[in-house]
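Q: Here is a sequence with its predicted model. Questions after.
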Amino acid sequence: MAWTAVNEAYVLGAMPSDLGAEYSGWLTRNPGKASRLSEIAASVVADFRAGLSANPSLAMEPGEDTVPERCLQHVSTIVFYHLAMEMGISINMSAQTAFIRAEAYLRSLYTSEAVIDRDTVGQTPSYNPVTERNERVLRPI
């Protein structure tokens, strides 16, 4: 599974052009906030790595700023959302929905033991019953 470093350079490259223009203007007006993007990205990546580390089937990459490629869209969404909030940009419904979905994905990492590496996944979906029964039992209501 490929892992990607999520740092300021990555986020700036993935940033939508309208948010990038707002960000440039915001930095010009607030030069003391130049490190905020890196701080937000590092915090979000740390949260994702903590969730991923809870999965015993996943071998963690040693780089502290890396996440699996499968998580990149969700990481970017959360970083962009927090940055927009900090800059005082109005959040529309589609951005809010994307953020909620990304947060739900992040929270699912903490409780999931699913194998997220597509190279190691077996045939899906699997229709094997959890338990085998010799006979079918009907119970009266």
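A: Arrived safely, thanks for sending. Note that this is a predicted model, so its numbers are computed, not measured. Numbers count the residues shown, from 1 in each chain.

Q: Would you check how far apart Glu61 and Arg49 are?
A: With the distance defined as C-beta to C-beta, to the nearest Å, Glu61 ends up 9 Å from Arg49. From N, CA and C alone the C-beta is placed, and that goes for glycine too.

Q: got it, and Thr77?
A: 17 Å.

Q: for Arg101, same thing?
A: Distance, Arg101 to Arg49, by C-beta to C-beta: 20 Å.

Q: These two: which is more packed in?
A: Arg49 (19 against 13; other C-beta atoms under 10 Å).

Q: ok, now which ones touch the more buried one?
A: 60, 64, 66-67 (C-beta atoms under 8 Å, 6 or more residues apart in numbering).

Q: from those, which is closest to Val11?
A: Val67 (12.2 Å; C-beta to C-beta).

Q: which ones are touching the residue nearest to Val6 when sequence neighbours are not counted?
A: In space, Val6 comes closest to Val45 once its chain neighbours are excluded; the distance is 5.0 Å by C-beta to C-beta, 6 or more residues apart in numbering. Contacts for Val45 (C-beta under 8 Å, 6+ apart) come out as 6, 64-67, 75.

Q: List buried residues within those.
A: 6, 65-67, 75 (16 or more other C-beta atoms under 10 Å).

Q: Could you export these to JSON lines, including columns for distance to Leu109?
A: JSON lines is the format used below for these (distance: C-beta to C-beta, whole Å):
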{"residue": "Val6", "distance to Leu109": "15"}
{"residue": "Asp65", "distance to Leu109": "17"}
{"residue": "Thr66", "distance to Leu109": "15"}
{"residue": "Val67", "distance to Leu109": "10"}
{"residue": "Val75", "distance to Leu109": "11"}
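
Q: among those, which are in helices?
A: Val75 (DSSP state H).

Q: now the buried ones among the contacts of Val45 in a markdown table, with distance to Ser17 and pLDDT?
A: As requested, the buried ones among the contacts of Val45 are exported to a markdown table (distance: C-beta to C-beta, whole Å; pLDDT from 0 to 100):
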| residue | distance to Ser17 | pLDDT |
| --- | --- | --- |
| Val6 | 19 | 97 |
| Asp65 | 24 | 96 |
| Thr66 | 26 | 97 |
| Val67 | 23 | 96 |
| Val75 | 19 | 97 |
